[in-house]
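[1] build me a model from this:
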Amino acid sequence: MEEEFKAGEIGTEVPIIPGDVPQPLPESEPPHEPEEEIHSLADSVRSLSPMQLVAKRFFRSKLSIVGLCIIIFLFAFCWIGPLFSPYEEETKDYETDRLNIVVSAIEVEMTDENGNVVLDDNGDPVVYTVYRVQRSEKGVDDLAAASPEHWFGTDKQGYDVFTRIMYGGRVSLSLSLIVVIMETILGIIFGGLAGYFGKWVDTLIMRIVDIFSCIPSLPLLLIIGSVLDGIGVDVNNRIYFMMIFLTLFGWTGIARIVRGQILSLREQEFMVSATARGLSTPRKIFRHLVPNVMPQLIVSMTLGLGSVILTEASLSYLGLGVPLTKASWGGMINDVKDPMVLQNYLNLWVPPGICIVLAVLGFNFIGDGLRDAFDPKSKR
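    Coordinates of the predicted model:
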């Protein structure tokens, strides 16, 4: 009787049947994981510098883009445009076939065949009017209408209006930039000293600021213009006096901004560290405090450019700007005070007026965009 063996019992052997070789059990394979690159948070997020964030917020505003395009167009128009113009700033057009026509009225008393004066029913002499027309050749093609030779016509002196607008933009834009830069320099110096030292220095500088702020600038500029005429100052140098006076009356606002910002910054930790390192006072003011005020200064400068352009236009309109031979937008408007010219020759004053409006709007749009971009609390 065959003995039965139970597999799995200790000390027993499992009989192997020929041809039946046991196969090894397959090992369990680990679950297949997709091959994906694992990035850290630092690698997947691109960090932006503060200025990059400001630029991103600035170019996100549509009005900022519009203002920037306007200013770029005006600068290109004023500095590159004259290169393609056949006329210069003071070029008069003497080539004309137009005639000067002068009509004068002459009153003549009516007489009869005997030479006696004819009287009306009231006993007054009968008077009739005779018009005399005189024609003469024009020496200069002045007050010409728009034509292919003169796109915006010519003014009373025979200058090409379109070319004068381009040259006038150079004066208006350059003067505004120089004045704003000079105002900013003065404001940084006096505002920085007042905010950093405080005490009697702050009191003295702020009282000077109050005095300049209380002076009525426009009447005083009119008086200064009359004095310059009285002492015989060259009209070609008057623009430099205008720049100086505009700077003297415009730096006070920037000084207040710098002082207020430095008063809040001088107690910060980085200033305590700068003091502990033994840095000099000018270095602490102009290398550590003023750079932190630059965002506010940039906004103030861009907004101030528009006001300087308007002031220059007003002074030129009042006869205190650049001389007549030199073009400026305000001076071109001043050149058409005659009511007849204002009514019948819109091409002389409307284009420079539009340029002034565009420049002021462009700088204001840029200033508003920079103000929102530098403000961390502004709407993203």
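[2] tell me which helix or strand comes right after the lowest-mean-pLDDT helix or strand in the chain.
    When each helix and strand of the chain is scored by mean pLDDT, DSSP states H and E, helix 41-44 comes last, with a mean of 50. Downstream of helix 41-44, the first helix or strand assigned by DSSP states H and E is helix 50-60.
[3] could I get the average pLDDT for that following helix?
    Per-residue pLDDT over helix 50-60 has a mean of 78.
[4] buried ones in it, by neighbour count?
    54, 57-58 (16 or more other Cβ atoms under 10 Å). For the C-beta atoms, the positions are set from N, CA and C on the backbone; glycine is no exception.
[5] repeat for stretch 76-90
    In stretch 76-90, counting by 16+ other Cβ under 10 Å, buried: 78, 81-82, 85, 87, 89.
[6] what's the first-to-last distance across it?
    21 Å (Cα to Cα, to the nearest Å).
[7] where does the prediction get shaky in the stretch 251-380 of the chain?
    317-325, 375-380 (pLDDT under 70).
[8] kindly recompute the last result at 50.
    By pLDDT under 50, the weakly predicted segments of the stretch 251-380 of the chain are 380.
[9] packing partners for the helix or strand that contains Gly362?
    Using DSSP H and E, Gly362 falls within helix 350-374. Applying 3 or more Cβ pairs under 8 Å, 6 or more residues apart in numbering; DSSP states H and E, one finds that helix 350-374 makes contact with helix 50-60, helix 62-79, helix 161-197, helix 290-317, helix 329-334.
[10] can I get the ones you listed in CSV including distance to Pro125?
    Formatted as CSV, these follow (distance: least, Cβ to Cβ, whole Å):
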stretch, distance to Pro125
helix 50-60, 79
helix 62-79, 62
helix 161-197, 49
helix 290-317, 48
helix 329-334, 46
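[11] quick check, Ile333 in contact with Pro351.
    No: between Ile333 and Pro351 there is no contact under Cβ atoms under 8 Å: 10.0 Å.
[12] most tightly packed of the helices and strands packed on helix 350-374?
    Highest mean neighbour count of the helices and strands packed on helix 350-374: helix 329-334, a mean of 25 (counted as mean count of other Cβ atoms under 10 Å).
[13] got the buried residues for whichever helix or strand comes after it?
    Using DSSP H and E, the helix or strand that follows helix 329-334 in sequence is helix 339-344. Judged by neighbour count (16+ other Cβ under 10 Å), helix 339-344 contains these buried residues: Val341.
[14] so how far is helix 339-344 off the chain centroid?
    Its chain's C-alpha centre and that of helix 339-344 lie 30 Å apart, by Cα atoms, centre = their mean, to the nearest Å.
[15] stretch 226-233 now?
    Distance, stretch centre to chain centre, for stretch 226-233: 32 Å (Cα atoms, centre = their mean).
[16] need the contact partners of it.
    238, 241 (Cβ atoms under 8 Å, 6 or more residues apart in numbering).
[17] for that stretch, list every residue counted as buried.
    For stretch 226-233, by 16+ other Cβ under 10 Å, it's Leu228.
[18] CA atoms of it as PDB?
    Taking C-alpha atoms only, stretch 226-233 is exported to PDB below (Å, rounded to 0.1, in the frame of the first residue of the first chain):
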ATOM      1  CA  SER A 226       8.600 145.000 -17.700                       C
ATOM      2  CA  VAL A 227      11.900 145.500 -15.800                       C
ATOM      3  CA  LEU A 228      13.800 143.400 -18.300                       C
ATOM      4  CA  ASP A 229      12.300 145.600 -21.100                       C
ATOM      5  CA  GLY A 230      13.300 148.700 -19.200                       C
ATOM      6  CA  ILE A 231      16.900 147.800 -18.700                       C
ATOM      7  CA  GLY A 232      17.300 146.600 -22.300                       C
ATOM      8  CA  VAL A 233      17.900 142.900 -21.800                       C
END
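[19] tell me the mean pLDDT over it?
    Stretch 226-233 shows a mean pLDDT of 74.
[20] what do you get for stretch 115-133?
    On average, stretch 115-133 scores 75.
[21] equivalent analysis for stretch 68-75, please.
    Stretch 68-75 shows a mean pLDDT of 91.
[22] now, which of the buried residues of stretch 76-90 sits nearest Asn114?
    Proximity of the buried residues of stretch 76-90 to Asn114 (Cβ to Cβ) peaks at Tyr87, which lies at 62.6 Å.
[23] sec struct for that closest one, please.
    With DSSP: H, G, I helix; E, B strand; the rest coil as the basis, Tyr87 sits in coil.
[24] check the contact between it and Asp160; I expect there is one.
    Yes: applying Cβ under 8 Å as the test, Tyr87 and Asp160 come out as touching, 4.4 Å apart.
[25] and for those two, which residues touch both?
    Joint contacts of Tyr87 and Asp160 (Cβ under 8 Å, 6+ apart) are Asp93.
[26] re earlier: list the buried residues in the helix holding Gly362.
    351-352, 355-356, 358-374.
[27] contacts only, for the closest residue to Gly353 other than its chain neighbours.
    With sequence-adjacent residues excluded and distances taken as Cβ to Cβ, 6 or more residues apart in numbering, Gly353 is closest to Ile333, at 6.2 Å. Neighbouring residues of Ile333 by Cβ under 8 Å, 6+ apart: 313, 316-317, 349, 352-353.
[28] what is the nearest of the residues you listed to Tyr196?
    Nearest member of those to Tyr196, counting by Cβ to Cβ, is Ala313, at 37.4 Å.
[29] wait, doesn't that closest one sit right on Gly330?
    Yes: at 3.2 Å, Ala313 and Gly330 qualify as touching, with contact defined as Cβ under 8 Å.
[30] if we can go back for a sec, between the helices and strands packed on helix 350-374, which one is nearest to Thr247?
    Closest among the helices and strands packed on helix 350-374, using Cβ to Cβ: helix 161-197, at 4.4 Å.
[31] could you give the angle of the closest one to helix 290-317?
    Using axes from the mean of the first three to the mean of the last three Cα atoms, to 10 degrees, one finds that helix 161-197 and helix 290-317 are set 140 degrees apart in direction.
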